[in-house]
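Q: coordinates only, no sequence provided:
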């Protein structure tokens, strides 16, 4: 019962910034409307970064309960990022006033990066429902990984604004995502792994363990002595093996 209620409370929480924007959003004129451009973009970026941080946090925390909760509800954060990006785009287009002006500015590097990021967002949001996961199969995961491309485009969009004068703020904002992504890559490809055949160090008297005599730090087998892991190392390896796959299918139901 509680699991069915939580998404609605989460949606309400994610919509709070939008509710504060609503009065100015529907005026379509005036300083308040144009003032929504930066807040909507910042909220979209924040939810995008949070969405991408969830996978490395699963590795970093060994699948802690709060990280599992974030992973379960990751889709909602991603859709919220798209929704605020749509508001950001709407305010920008209306604020420019004419189609000709929008088209003339589309070739600017910072604006082009923003349009490309939004173009990537559209199929990601459109396939965020359960039937898309079932229908696309393995291609759904492949498409969702384009979120990283969207993040890079958003970073370039933000950093290059005003002749790259915004790069400092963009770097600070994206630094946690960069650090956690590097940690995830290290965990997946570079971290030390136990040697095949390693086992917990035996502390029992010789002959007390079935399968061969035993002594501290070494287990003697028919193929010769084998080095052992410490109990702490073995426990850590078992814990990390239990971490759910962070890219497993998870759509908004």
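A: Sure, I can see it. Nothing here was measured: the structure is a model prediction, and the numbers come from that model.
Q: what number of residues lie near residue 49?
A: For residue 49, the neighbour count with other Cβ atoms under 10 Å is 21. Placement of C-beta: from N, CA and C, glycine included.
Q: same thing with residue 185?
A: Neighbour tally, residue 185, other Cβ under 10 Å: 12.
Q: next: the one 3 residues further on.
A: By other Cβ under 10 Å, 10 other residues sit near residue 188.
Q: residue 75 too?
A: Neighbours of residue 75 under the rule other Cβ under 10 Å: 22.
Q: residues contacting the residue sitting nearest the centre point of the chain?
A: In the chain, the residue lying closest to the centroid (Cα atoms, centre = their mean) is residue 52, at 1.4 Å. Contacts for residue 52 (Cβ atoms under 8 Å, 6 or more residues apart in numbering) come out as 147-148, 151, 177, 181.
Q: by neighbour count, which of those wins?
A: Highest neighbour count within the contacts of residue 52, by other Cβ under 10 Å: residue 151, with 22 neighbours.
Q: give the buried residues for the helix or strand harbouring residue 90.
A: Per DSSP states H and E, residue 90 falls inside helix 74-96. Burial within helix 74-96, assessed by neighbour count using 16 or more other Cβ atoms under 10 Å, is assigned to 74-89, 91-92.
Q: which ones among the contacts of residue 52 are found in helices?
A: Counting by DSSP state H, the part of these found in helices is 147-148, 151, 177, 181.
Q: which one of the residues you listed is nearest residue 107?
A: Nearest to residue 107 among these, counting by Cβ to Cβ, is residue 151 at 22.8 Å.
Q: hmm, that closest one is touching residue 178, no?
A: No. Here residue 151 does not reach residue 178: they are 9.8 Å apart, not a contact under Cβ atoms under 8 Å.
Q: out of the ones in helices among the contacts of residue 52, who's nearest residue 63?
A: residue 181 (18.1 Å).
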